[in-house]
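Engineer: My questions are about this predicted structure, shown below with the sequence.
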Amino acid sequence: MLWNVYWIQLVKKWKIRIEVIIMRDIRKDKKYFEEYLTKADQRLLKFNEVLELGKIKFPNNKEKEREGNGFLLDISLYKLNALYSMGKEIDSIRKYYYEVVEYMKKGWNFKSYNTMLWMVSWGILLDASSEVMESLHELQSKSKKEDFLIDYLFHANNSNWKINTKELLFPKDFKTLQELVQLDDKEEMINKLKYYLENEWYKIYDDTGWHESHNHYEKIYSGYWSWESGAIAKILQLNDKDLKNLPYYPYDLVHYKGN
């Protein structure tokens, strides 16, 4: 009897372990993402060393320093993507997100719309601290670029942050999401979000370096995920069971509760 109890406990432990390592992205295998992450860590180490040497050699060149931190931001952002794709536990991803925020504060050049969109969406999905969200909001304010979608996400996180415009910086790309968040019927919201994921999201990025990167001969693919879709679903508390198995939709992240 004692042996049976022990065996049941052991099986439960193994089940927990299996859930932890299950792949979220099936375009690549675990080995691929392990190698991708190793390469990302090597690049981060190298660029950090170069950046430190640069600060010693050119102590007053803040522009070069921000540019160097911008490289670190790009690498770390795609590493964050890969950690999720590989199936890492969300608590550990959350910890790494805070590191990416530090790169963001030092290296965002106020021009990359997608970087801010992804980072604020990640912050909502990971229940990031108010301090972290404040730092992102401050960066967005300094950029002097007003956009309805980003304003909406910040406002949803903190009602004291106002939606300053009804205009989108990229109306062709995000009009569907703007229409979605202004609907009253949640079933219509789900249908519109489903349409966005199935018909629009991937096409929006057809001119980016990571589009079709899963077919590249080098290991540059980190995963395809629509973080803003997940953030909106979480904000609106949508019943997203019909979205669960759609490509690009980070279902388990939408349902994550941070500490």
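Structural biologist: Ah, there it is. Residues are numbered from 1 along each chain as shown.

Engineer: Give me the phi and psi for residue 156.
Structural biologist: When read as degrees, to the nearest 10, the backbone of residue 156 gives phi -60, psi -30.

Engineer: Make sure it is actually in contact with residue 228.
Structural biologist: No: in this structure, residue 156 is not within contact of residue 228 by Cβ atoms under 8 Å, at 11.6 Å. Quick note: C-beta positions are derived from backbone N, CA and C, even for glycine.

Engineer: Could you check which of the two has the larger neighbour count?
Structural biologist: For residue 156 versus residue 228, the count of surrounding residues by other Cβ atoms under 10 Å is larger for residue 228: 24 against 18.

Engineer: Can you verify my assumption that that one contacts residue 117?
Structural biologist: Yes: the criterion here is Cβ under 8 Å, and residue 228 meets it with residue 117 at 5.7 Å.

Engineer: so what sits against both of these two?
Structural biologist: Taking Cβ atoms under 8 Å, 6 or more residues apart in numbering as the criterion, residue 228 and residue 117 both touch 149, 153.

Engineer: Quick one, grab the pLDDT at residue 246.
Structural biologist: At residue 246, the model reports a pLDDT of 93.

Engineer: Over to residue 91?
Structural biologist: For residue 91, the pLDDT comes out at 96.

Engineer: What helix or strand is it located in?
Structural biologist: helix 90-107 (DSSP states H and E).

Engineer: what bits of the stretch 51-200 of the chain have low per-residue confidence?
Structural biologist: Along the stretch 51-200 of the chain, segments meeting pLDDT under 70 span 56-58.

Engineer: The strand or helix carrying residue 38 to helix 90-107, inter-axis angle?
Structural biologist: According to DSSP H and E, residue 38 maps onto helix 30-57. Interaxial angle of helix 30-57 relative to helix 90-107 (axes from the mean of the first three to the mean of the last three Cα atoms, to 10 degrees): 30 degrees.

Engineer: Fine by me, thanks again.
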